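> Kindly return the folded structure for what I paste below:
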Amino acid sequence: KDSSGLRFYYSNDERAHQAGILEVGDPWLALRGESIDEGLTKYAFTCPGTCSLSFLGKEGSDEDQGVTIISEFLHMHKTGVRMTNEVVRGEKVIHTAVSDVFDFDQQGVFRVSQDSYKVLPGDSFRTTCYYNN
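From the prediction side, this is the model:
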């Protein structure tokens, strides 16, 4: 026991409902080795359908339950000014999250106001980051 004020609980039994975190975009903050250009620029990052297949099961099988997204947070760093994240099923965008005005000094994260939606095996993600450098 310590004085942190936190209490952790654990169980060896599988929970009826599980939660997790998926990070898409540029997780290494490397822009594929490119520098951010001067002025207003944008960079797009994709996570192909094979990504969701790898953690959600086989496309079209009885196991493709998918996962329900209940909350989404968009995060950028100092020069980020706008961000979008799209979920693409086949050739159709089925969900778009947008932070039209991003200000890192406002806690560094933007919680998207949205209804829940489902990601299925084979869905891909397209994240676009806008910078003003």
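> What segments of the chain are helices?
Taking DSSP state H as the criterion, the chain carries its helices at 49-56.
> so where is it shaky, pLDDT-wise?
1, 25-30, 58-64, 107-110 (pLDDT under 70).
> what are the ranges of the strands in it?
40-47, 67-69, 73-74, 80-89, 92-99, 110-111, 117-119, 124-132 (DSSP state E).
> Which among the ones you listed is found nearest to Leu6?
strand 73-74 (21.3 Å; CB to CB). To be clear about C-beta, it is placed using only N, CA and C from the backbone, and glycine gets the same treatment.
> With Leu40 as the reference, measure out to Leu22.
Separation of Leu22 from Leu40 (CB to CB, to the nearest Å) stands at 28 Å.
> repeat for Pro121
36 Å.
> Counting neighbours, go ahead and name the busier of the two.
In this view Pro121 and Leu40 are compared by other CB atoms under 10 Å, and Pro121 has more residues nearby, 22 against 11.
> right, and the more buried one touches Val67 too?
No: using CB atoms under 8 Å, Pro121 makes no contact with Val67, being 9.5 Å away.
> Which neighbours do the two have in common?
Leu56 (CB atoms under 8 Å, 6 or more residues apart in numbering).
> Give the full set of residues in contact with the closest residue to Phe125 other than its chain neighbours.
Computed as CB to CB, 6 or more residues apart in numbering, the closest residue to Phe125 that is not its neighbour in sequence is Cys47, at 4.1 Å. Taking CB under 8 Å, 6+ apart as the criterion, Cys47 is in contact with Val24, Ser124, Phe125, Arg126, Thr127.
> which among those residues end up buried?
Among those, the ones that count as buried by 16 or more other CB atoms under 10 Å are Ser124, Phe125, Arg126, Thr127.
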